[in-house]
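Chemist: Okay, predicted coordinates and the sequence, questions at the end:
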Amino acid sequence: MNRPPVSPPLVLQTPGFAHYSLSWSPFHNSRLAVASAANYGLVGNGRLHLALIGPAPGVAPGFSLDKFYDTQDGLYDVAWSEIHENQLVTGSGDGSIKLWDVMLNDLPIRAWQEHTREVFSVDWSNISKDIFLSSSWDGTVKIWSPERPRSVSTLQAHMSCVYQALFSPHQPDIIASCSTDGTLKIFDLRSPAYTQGPNANAFTNPLSAAALTVPASGTELLSIDWNKYRPFVLASAGVDKMIRVWDCRMVKSNPDPNQQAVGGVCETQFVGHEYAVRKVQWSPHHPDLLASASYDMTCRVWSTTPSPNGTNLVYIHDSHTEFVVGCAWSLYEEGVLASCSWDCRVNVFHI
């Protein structure tokens, strides 16, 4: 059977602003949010772009900028609210977190300033839909409610930069994080270590006990993601150019009862990227498909089920001309993927 031709990607250009992250709306299949920064995020302003995919007059679907919001510092990540279709949260290089309403045209509706260094990731729980979390280069992960003036709780997740933290899509009290220390950690907020008595205060005394620590790499881990179909299966990637898939149910007993549990079995690993892998994300439609974005200027799709010729690589998108630092699967359309890059472009394409 002949393979159908691959149509060219839809492209959105935002001159002067390099992209760091993007997120599809969980309510509208045509709406994308993009977190961006001037001067590649090294210094200068940030910008939150809201893009729409829709029919252009008389021709094929178009890709257009709906509106944007300027910020005083670069934006590194963005996440849509799971409870309000017009709200989303961003993490910034100045340590601030802002909540936006797309029906308003200028300022955020709420802002928090607790992190002491860059906020590099934000994630909204799709189970407990009234909370979200943030992770920072200050080593902490904080849990927030949009209705509260300060964080609900703080985890001293790592002793160094936390590049990403994510709620489990299967259990509301499970959080995973990754760091410059090369470990992937899982936190269970139901653990006795997190039981807060009347005098406990996680705001001033951060919680630190991880349920499981996975030594996932000898170098920095830049990204993780939970498999949407298999609980406790995660993918990790980072500076060593490797993508690894972990089954974190395989826990090794630690002879020292005062130390955290260590475990995780590497089920498979994907080799092919030429430089550090900046982002991994499992498909919401297939349990075996994984997308990755890399500094080698490509976005790739992998399958944990090898093809007849023995390869796990499914697709390479190489239309970008700078570091590709973000990718995201469409939540509604199977096989549709978006990528964003330091070349100031967002691409949306079918694999």
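Modeler: Yep, that arrived. Numbering: from 1, shown residues only.

Chemist: Is it correct that residue 121 falls within a strand?
Modeler: Yes. Assigned with DSSP: H, G, I helix; E, B strand; the rest coil, residue 121 falls within a strand.

Chemist: can you pull the contacts of it?
Modeler: 76, 77, 91, 134, 135, 162, 163, 164, 165, 166 (C-beta atoms under 8 Å, 6 or more residues apart in numbering). No exception for glycine: its C-beta is placed from N, CA and C like everyone else's.

Chemist: That one bridge partners, please.
Modeler: residue 135 (DSSP bridges).

Chemist: Closest one to residue 144 out of the contacts of residue 121, please.
Modeler: Nearest to residue 144 among those is residue 134, at 6.8 Å by C-beta to C-beta.

Chemist: Strands of the stretch 1-150 of the chain, start to end?
Modeler: Remark: strands assigned in the stretch 1-150 of the chain by DSSP state E, counting those that start in this stretch are 10-13, 18-24, 31-37, 46-55, 61-71, 75-80, 87-92, 97-101, 110-112, 119-124, 132-136, 141-144.

Chemist: low-confidence ranges in the stretch 151-300 of the chain?
Modeler: 192-208, 251-263 (pLDDT under 70).

Chemist: could the contacts of residue 121 go into TSV alongside neighbour count and distance to residue 291?
Modeler: Formatted as TSV, these follow (neighbours: other C-beta atoms under 10 Å; distance: C-beta to C-beta, whole Å):
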residue	neighbour count	distance to residue 291
76	26	19
77	23	17
91	27	21
134	28	23
135	31	21
162	29	22
163	23	17
164	24	15
165	28	19
166	23	15
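
Chemist: Farthest pair within the residues you listed?
Modeler: 76 and 166 (14.9 Å).

Chemist: correct me, but residue 283 touches residue 302?
Modeler: No. Using C-beta atoms under 8 Å, residue 283 is not in contact with residue 302; the gap is 10.1 Å.

Chemist: overlap in contacts of the two?
Modeler: Contacts common to residue 283 and residue 302, judged by C-beta under 8 Å, 6+ apart, are 289, 290, 291.

Chemist: OK, contacts around the first one?
Modeler: If a contact means C-beta under 8 Å, 6+ apart, then residue 289 has 282, 283, 301, 302, 303, 314 as its contacts.

Chemist: Nearest to residue 10 among these?
Modeler: Nearest to residue 10 among the contacts of residue 289 is residue 301, at 17.3 Å by C-beta to C-beta.

Chemist: Now do the helix or strand harbouring the closest one: distance to the chain's middle.
Modeler: In the assignment (DSSP states H and E), residue 301 maps to strand 299-303. Per C-alpha atoms, centre = their mean, to the nearest Å, the displacement of strand 299-303 from the mean C-alpha position of its chain is 16 Å.

Chemist: same for that strand, what does it pack against?
Modeler: strand 289-294, strand 313-317, strand 336-341 (3 or more C-beta pairs under 8 Å, 6 or more residues apart in numbering; DSSP states H and E).

Chemist: Would you mind pulling up the elements that the second one packs against?
Modeler: When you say that, I think you mean strand 313-317. Using 3+ C-beta pairs under 8 Å, 6+ apart, strand 313-317 sits against strand 299-303.

Chemist: give me that answer again for 10 Å
Modeler: For strand 313-317, the elements it packs on are strand 289-294, strand 299-303, strand 336-341, strand 345-350, judged by 3 or more C-beta pairs under 10 Å, 6 or more residues apart in numbering; DSSP states H and E.

Chemist: tell me the angle the second one makes with strand 289-294.
Modeler: Read it as strand 299-303. Angle, strand 299-303 to strand 289-294, by axes from the mean of the first three to the mean of the last three C-alpha atoms, to 10 degrees: 150 degrees.

Chemist: one step back: what's the closest of the helices and strands packed on strand 299-303 to residue 307?
Modeler: Closest among those, once you apply C-beta to C-beta, is strand 313-317, at 7.8 Å.

Chemist: Tell me the buried residues in the closest one?
Modeler: Residues of strand 313-317 classed as buried by neighbour count (16 or more other C-beta atoms under 10 Å): 314, 315, 317.

Chemist: cool, stretch 299-310 as well?
Modeler: Within stretch 299-310, the residues that count as buried by 16+ other C-beta under 10 Å are 299, 300, 301, 302, 303, 304.

Chemist: go on, stretch 137-152?
Modeler: For stretch 137-152, by 16+ other C-beta under 10 Å, it's 137, 138, 139, 140, 141, 142, 143, 144, 146, 151.

Chemist: just stretch 40-59 next, same as before
Modeler: For stretch 40-59, using 16+ other C-beta under 10 Å, the buried residues are 41, 45, 46, 47, 48, 49, 50, 51, 53.

Chemist: likewise stretch 344-351?
Modeler: By neighbour count on 16+ other C-beta under 10 Å, the buried set for stretch 344-351 is 344, 345, 346, 347, 348, 349, 351.

Chemist: Return the member of these nearest to residue 101.
Modeler: Lowest distance from residue 101 to those (C-beta to C-beta) belongs to residue 346, with 21.9 Å.

Chemist: Next one: that closest one relative to residue 139, how far apart?
Modeler: According to C-beta to C-beta, to the nearest Å, residue 346 and residue 139 sit 31 Å apart.

Chemist: Also residue 98?
Modeler: Remark: distance between residue 98 and residue 139 (C-beta to C-beta) = 21 Å.
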